[in-house]
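Trainee: This is a predicted model, with the sequence first.
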Amino acid sequence: MVNSHLITLFAVVFKICAFLEIIAVQLGNEYKSINSFWFKILESDLTQNFSDLVDWHNCSYSAIINCISQYPNSLVLLDLSRDPAIQQSLSKICDDYSLFHLVYQKNSKYVEKSTYSLTLPPSEEIDAFASLLSYFNWTQGAVFLDEESYSLKNENSVFSSGFDCFTIASLTDIDGLVSRSVVSAGITLYYFLLENEKSQDLQKSLIKAKLLTRGNGIVLNQESGYQCEIDGALIISEKGYEYENSLEEYLKSSIKEIISLIAYVEDAKEIRRLLDLEMPNHYRIPKFSIVNIQNGERITVGTIINRNVSIFGNLTFLGQSSSIPKSNRKILPISINAGITNPGSENVYTALHSSYGSNICIDKINEGSEILLNFQLEMFNFDCGVSIYNAAFLKSCYQKDIDKLGLAHLSGYGSSVAIGSLVFFKQANITIPSVGAINGSTLLSSIKDYPMYVRMLTPFAYNTCVQFIRAMGWRKVAIIYSNNTVGLTSYNLVKNTVEAAGIDIVNAESARMIYPNLDRNSINDYKYVFQEIYNSRARLVLMMVQCPMCLYALEEFYDVGLRRGDIYIYIATWDIFDIIANNDAFLHKRLEIGASMTTLVFSNWVGEVGKDAFSRYLDKYKKEPNLYACAYYDAVYFIAKALDYMITKGQDYTDPWKLMSVIRLTKFEGCMGPASIESESNDRNFQMYTIQSMKVDKNGSIAIYPVGYLKPFSTNLIYILNPLIYPDGTSAKPSDLREINDKCPFPDRDIQTFSKGRGLMVGLCLIVLAITSAITWFIWQKWWNIPVEIFGEKQEMSVDDFIVAITIPIEFFQFASMGPYYLPSLISTFINISTVDLEEVFKLRDGGFYIIVDIVLAWIGVWIIFCVVVLLKLHDRWEDVWIFRNIDILAENLMPILGNLCFMPFISICLDVFLCDEAIGDSFTDSFLLRDCYAFCWQDSHLVYAIISFVAILVYEPLAVFYRPLWQELQGNLHVKTIPGYLMVKSVAQTLLVVLAKTLKRASNISHGVIFIVIMMIYVAIIVKIKSYNYGRFHLWQVLSLIAVVWLALISTWNLGIGGNPIAYYAFLVFGWIAIMLAGFYLQRKKYPSLLYRKKGRDMWNLFRFAFALRSIVYEVRET
């Protein structure tokens, strides 16, 4: 029989007013027969149903002594006060009364000699934490401490830098602490060193904030882990106490273990030996189990002994993950649909390349220098269609990784795929904010239909293109669109906008649409669409066709016959680089049509943000970015900016409706400029466009450059940076319709210089010049090397004298036409008429030039007849015949005109028959007449005209040279005669100038101008020496008119060579001519008296007045 002893149990249940609850229990003779009172204590939770078992006493020293005095045989005092002050007082009492002091002493570093702690040594639990964190390589996280644990926060490196420590002193505002500090810090690992009640409230707050999710981790100490039911949580529990659910259960188990150890021992020394053996250093031996909650059950998966971690079970972390959470910033998952797969079609890489912009944005955000400082964005890439929507394929694709959608989703590249994904989310009851980077359909603009969607681009890009066309002053346009969602939507919008803007669509509505998914072969089925645009003469074409079909469309324009400069393609939202992406056999076609193609693209890489993003892109991908990469950059930043705002404000960013609401209100300076969402739609607000143009020179060199910016909602619609250069190399705005080429039956682009024809023309001209020079020399030596009597007496001016006089101004225009000139159109017309160069006055086509040749050849024939009649004196022999009797009169009046004034025009027109130095091929028969490109050379009628013209020149020139001086010898009433030597020189000079105009002038205007000036100066010098007329005044004005021609050629050549202001050109020209005229009048007055006069005839003006104003005449007669 074991002697009984007493155990006094002190339990403080609340400390306000310093009450101490004392329970005194006397055990029976045997441990087995512990009375019912003790069993109630051990089986209770030590906090309830004690009213019939406890006595209340004031917490005072004397009260405790009195209580102990009632049980003089007591050896052990059990102290559950958890109050250091009370524990210290009780410890002193136990020392005084030789009692063993068993105490629940959590964090005290010191114990008295009689005190034994029911807990582990101070900091051992924290050391176990440190061992487990080190095992998992966790170097960051949030440590939650109560006031008792806080005193030990510097005991171990677990509290070093990298860990955020939060002390929870009360149960109030735990939710606020989590939202303000924990969420915003981006912490993913949570460590609990708390009493149970605070731990329970904190767990609820973390769950409410959706922080205990996959990828995160939570570790609790034993007291914090009581009643924890979070799957994936780890609990560091004292070995042997893994399944206790409360502190009371832990204490009961601990008390039972100690009582069972000393229940039968009466000797105090033996009790001390047993306690020292069980609790060396007066603390329990530290041994820990690692408990993992899996599917609601506590499973021991490892141990921590002597700070060594041993894992022998399968670990499950939050979210049923078997992967150890990483010790880094909180991961914010998002997703994107930017793959390459087009179901049922070829892969398309445009979306994938565009999405690189989102990667650049994520990289920048994860640097942690601007927003989401304590978080890390991660993006999962879906491949659920690019531009072709297939419902079954899209559904299967998303369902396969549905758990990876994340907090927000970047929708697909094409509108149909984007709409399809939104429909799928709705059918699958998935609520997630979606941000579109490109999608162009206006259907997506509706908040009502798509409340969980916004996009970075506006669908009204083609409308903006119409604004640009109207601002440029064009009023006619052709339209081509593809029969898909984007094309149809854009066409309907543009059609209404065009009509409202007063712009005509010139191609028929039945020939505007092409099927969307065509290849290079099948697009030929729609050739009539491109032919209609060709026939409509439209120069401006709005193309609403997506690539790669856009490439085939450009090639089709080429195939119907359009070339560089025939049309100007205006496009919106295309990547203009796509047309030159593939260096294939058809590239030359695309470049030919694409020369000066203008596109309105969404402005990208704008400002400091854009420049930084562009630089990052080049650094990462080592190539120029895709056009829409900037839109994807802004799409990610919209999501990140909204998340950052919500986290900073402590809002629940996992709520998709709240996140979508914040995204709609988000504003920032993005890669594409100012970024915000319209309040009444899903579209980006105040979209700005860059006007780009592609310049392709004849060598195939390509330059794509910005022309300016277009801001649809700005008072200044267009901001010009660089002039828009058109295919002709100038910035002169072309007409909105192509001019009908009624000059030639083939495009100008097919015309090439025909060197063989030019060489033939030069040879022929040299032959004509040589023959003319030789025959002229012979005629002068044989017949006309005779002197002419100088005119020295006054004579009445005859009709013949008048004919001679008018040759001076006419020859001025003729000589001027052979040289360079730059004159107003009216004077140029007189010059062209004087040389019968009617092609410059009228458009000659389809044989029109041959009519002129027929007239010239007919007059040459008449001239030859006159010469024969005069030479053989047929008019004298057959005077009785009417025709011969009158032919003398005709010859007398027409020969000076046909043989003198028409000399240069006739020679020029006949030589034009041989002017075939341009062609559309390489053979002589591919060449055509310069004066009429409808007439091809060296075939059919041209051969006949060439032979006749050459014969006509060989006959006409000698006769003209001979009969020029002969005519004046036959005129009895002619007083003013031309010096025969001058006529001989003039014949050669005129032929030489015509030859130069047909050859050298067509090769080099400047060289021709210089040589022309030299020849004319020599010609003038010769005339001054040999005299031109026997009458001084005529000779004077003849010389001065030729000097005026030289002045005109000099000023024109100077203008051709170095250019200049037209006003200065005309000023110099007029000044010179006025000076020449003034000099002429001065010399005429001083040195050349008038020797011709006219008798006064009837006053025609008075006769007119008499016929229509008789009274005035009568009045004047009476006055007389």
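Mentor: That came through fine.
Trainee: Just confirm D644 contacts G368, I think it does.
Mentor: No: checked against C-beta atoms under 8 Å, the pair D644 and G368 is beyond contact range at 11.2 Å. Yep, even glycine has a C-beta here, placed from its N, CA and C like the rest.
Trainee: More neighbours: which of those two?
Mentor: Taking other C-beta atoms under 10 Å, D644 and G368 do not tie; D644 has more neighbours (22 against 14).
Trainee: Now the helix or strand hosting the more buried one: buried residues?
Mentor: Element membership for D644, per DSSP states H and E: helix 629-648. Using 16 or more other C-beta atoms under 10 Å as the test for burial, helix 629-648 gives 629-647.
Trainee: since we're on the residue nearest to E678 when sequence neighbours are not counted, how many residues are nearby?
Mentor: Spatial nearest neighbour of E678, excluding adjacent residues (C-beta to C-beta, 6 or more residues apart in numbering): N685 at 4.7 Å. When neighbours are defined as other C-beta under 10 Å, N685 has 14 of them.
Trainee: what's the burial count for A501?
Mentor: 15.
Trainee: so how far is the helix holding D644 off the chain centroid?
Mentor: Here helix 629-648 is found 21 Å from its chain centre; the criterion is C-alpha atoms, centre = their mean, to the nearest Å.
Trainee: just stretch 662-681 next, same as before
Mentor: Remark: stretch 662-681 is offset 19 Å from the chain centroid, using C-alpha atoms, centre = their mean.
Trainee: The residue lying closest to L90 once chain neighbours are set aside and S117, how far apart?
Mentor: Leaving out its chain neighbours, the residue that sits closest to L90 by C-beta to C-beta, 6+ apart is D79, at 5.1 Å. According to C-beta to C-beta, to the nearest Å, D79 stands 10 Å off from S117.
Trainee: same deal with D634?
Mentor: In terms of C-beta to C-beta, D634 sits 62 Å off from S117.
Trainee: And T978, by the same measure?
Mentor: Relative to S117, and taking C-beta to C-beta, T978 is found at 146 Å.
Trainee: So the two - more neighbours on which side?
Mentor: Using other C-beta under 10 Å, the more surrounded residue of T978 and S117 is T978, with 26 against 23.
Trainee: got the contact list for the more buried one?
Mentor: 788, 804, 964-965, 968, 1028-1030 (C-beta atoms under 8 Å, 6 or more residues apart in numbering).
Trainee: For these, could you give me TSV that also reports secondary structure?
Mentor: Converted to TSV, the contacts of T978 look like this (DSSP: H, G, I helix; E, B strand; the rest coil):
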residue	secondary structure
V788	coil
V804	helix
R964	helix
P965	helix
Q968	helix
S1028	coil
Y1029	strand
N1030	coil
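Trainee: among those residues, which two are most distant?
Mentor: R964 and N1030 (14.9 Å; C-beta to C-beta).
Trainee: Compare the two (neighbour count), which wins?
Mentor: Ranked by neighbour count (other C-beta under 10 Å), R964 and N1030 place R964 first, with 23 against 19.
Trainee: What distance do you get for the more buried one to S289?
Mentor: Counting by C-beta to C-beta, the gap from R964 to S289 is 134 Å.
Trainee: State the pLDDT value of K153.
Mentor: pLDDT for K153: 60.
Trainee: Over to I362?
Mentor: The predicted structure scores I362 at 95 on the pLDDT scale.
Trainee: likewise L46?
Mentor: In this prediction, L46 has a pLDDT value of 39.
Trainee: Check N73 too.
Mentor: Reported pLDDT for N73: 69.
Trainee: how much space between S536 and N463?
Mentor: Distance from S536 to N463, by C-beta to C-beta: 22 Å.
Trainee: Just the buried residues of stretch 675-692, please?
Mentor: 675, 677-678, 681-684, 687-692.
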